[in-house]
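Engineer: Provided below for reference: sequence and predicted model.
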Amino acid sequence: MEYSLVCHNLYALSASPVKKKLALLGIMFLLWAYMLYSCVGYCATMPSLVVDSYRVKEPEHASRRTESGGRADLMSKLLPRPQGWVDLESDYDEPSLRTASRDLSANDVDGDRGDEWEDQARVDQRSPEPSSLSSFSNGSGSKKLPQAIIIGVKKGGTRALLEFLRVHPDIRAVGAEPHFFDRNYDNGLEWYRDLMPKTLEGQITMEKTPSYFVTREAPARISAMSRDTKVIVVVRDPVTRAISDYTQTLSKKPDIPSFESLTFKNRTTGLIDTSWSAIQIGIYAKHLDNWLQYFPMEQILFVSGERLISDPAGELGRVQDFLGLKRIITDKHFYFNQTKGFPCLKKAEGSSKPHCLGKTKGRVHPNIDPEVVQRLRDFYRPFNMKFYQMTGHNFGWD
Ligand SMILES: Nc1ncnc2c1ncn2[C@@H]1O[C@H](COP(=O)(O)OS(=O)(=O)O)[C@@H](OP(=O)(O)O)[C@H]1O
């Protein structure tokens, strides 16, 4: 009886053209609802760190708007959450490097992020990456702990390296700095894993947090996660690095003392203040010593911050070899942008447009008294020599 009723209804439906259209509309609606449902699910699986960190920076009215507006919330779920082009700065100094009077950026954690909104706007317009798309369509891929980490050094060129590496189809990376092995270790490995993008078999998960290099506990913690983790250190002339570090702080706190006065404990005796983190970070040999207690040299790759600017493809070639990847990132990917004064990508990851790093990368440094620069060169020389010896590579800073 029921069966014949259904048959009858189906027959009636197929008989009338109006009803046919209605049925078609109904099917389309169901398909649309299914896609919407899948899309919300997909977006919800994207790592929330980047978005969350932006929320911190969102103006108050914006967050109020999101809290009150269910629609805005739904839209924010539907829009792709990008991982990339977060030119955030590393302005967190490891507590061990802080002193009450000398750490000028102690209250300045992530204080430079606002400068990068320009870049972020570009990210939001980018189409999802191919691997994201495949995850979207078949739900494949899973979040894995990173197999390779850029551990430093602050102001060495770590952002440039990570953004260049992301062009490689076999590398997926977190955009923001997780600071797991220094600040957020208590959150546990599952928290950390959850920040990672989904990867397919054979893809490498990466992150960069430049403060790890100077964090005493970091090597032991990373080794405890996996002894096989590959670590990459971008090193730069410690004197220029210190000035770059100071320039970053100065951009946020224009009233800080001069570089010259911060450099010395006592200007008359010429005694360098090694408790100032800007100076301390550049004693690479000392920090490396700590890493060598946990990692063999073969698992550490040193990238020259200088060569990353003068020959990005050359340095990227070495990094791809180190990671066991095919050399896909080559000269063809870069062009030198005269206005920026730095190499830029012809096509950023997931985009067809050229891209340079944001304005907090490649700042104009203040002029520093040449005598002070010379004094710092003399100070770093023995540490640099030791570092060249340890790494078997002369970086040419002296
Ligand atoms: N391609 C390209 N574009 C722009 N900037 C480049 C590039 N390659 C290297 N660099 C240098 O990177 C320096 C910033 O280093 P980091 O990204 O490690 O800084 S941070 O620690 O994450 O804040 C930044 O330092 P400053 O010049 O002192 O601003 C740059 O010199």
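Structural biologist: Done, it's in.
Engineer: For the protein, what lies in contact range of the ligand?
Structural biologist: When proximity is defined as C-beta under 6 Å from any ligand atom, the chain approaches the ligand at 89-90, 154-160, 210, 244, 247, 308-309, 342-343, 357, 361-363. Glycine gets a C-beta too; all of them are placed from N, C-alpha and C.
Engineer: repeat that with 5 Å
Structural biologist: Residues of the chain lying close to the ligand by C-beta under 5 Å from any ligand atom are 89-90, 154-160, 210, 244, 309, 342-343, 357, 361-363.
Engineer: Can you give me the separation between Trp191 and His179?
Structural biologist: As defined by C-beta to C-beta, to the nearest Å, Trp191 lies at a distance of 12 Å from His179.
Engineer: Skipping adjacent residues, who's closest to Pro238 in space?
Structural biologist: Closest residue to Pro238 apart from its sequence neighbours, by C-beta to C-beta, 6 or more residues apart in numbering: Gly282 at 2.7 Å.
Engineer: re the thing from before, make a ChimeraX selection of whichever of the residues of the chain next to the ligand turn out to be buried.
Structural biologist: This is how ChimeraX selects the buried members of these, with burial counted by 16 or more other C-beta atoms under 10 Å:
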select :89,90,154,155,156,157,158,159,160,210,244,309,342,343,357,361,362
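Engineer: mind listing which of the residues of the chain next to the ligand are in strands?
Structural biologist: By the criterion of DSSP state E, membership of the residues of the chain next to the ligand in strands covers Phe342, Pro343.
Engineer: And the helix or strand that contains Leu301, what's buried?
Structural biologist: Leu301 is located in strand 300-304, with elements delineated by DSSP states H and E. Along strand 300-304, these residues count as buried under the neighbour rule (16+ other C-beta under 10 Å): Ile300, Leu301, Phe302, Val303, Ser304.
Engineer: So which elements touch that strand?
Structural biologist: When contacts are defined as 3 or more C-beta pairs under 8 Å, 6 or more residues apart in numbering; DSSP states H and E, strand 300-304 sits against strand 230-235, helix 312-322.
Engineer: sorry, back to before: can you lay out the buried residues of strand 300-304 as JSON lines showing distance to Ile27 and pLDDT?
Structural biologist: JSON lines is the format used below for the buried residues of strand 300-304 (distance: C-beta to C-beta, whole Å; pLDDT from 0 to 100):
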{"residue": "Ile300", "distance to Ile27": "58", "pLDDT": "99"}
{"residue": "Leu301", "distance to Ile27": "55", "pLDDT": "99"}
{"residue": "Phe302", "distance to Ile27": "60", "pLDDT": "99"}
{"residue": "Val303", "distance to Ile27": "55", "pLDDT": "99"}
{"residue": "Ser304", "distance to Ile27": "60", "pLDDT": "98"}
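Engineer: Which residue ranges of the protein form strands?
Structural biologist: All strands of the chain, identified by DSSP E, fall at 142-143, 148-152, 171-173, 198-199, 204-208, 230-235, 264-266, 271-272, 300-304, 334-337, 342-345.
Engineer: now, of the ones you listed, which is deepest in the fold?
Structural biologist: The highest average neighbour count among the strands of the chain, using mean count of other C-beta atoms under 10 Å, belongs to strand 148-152 at a mean of 27.
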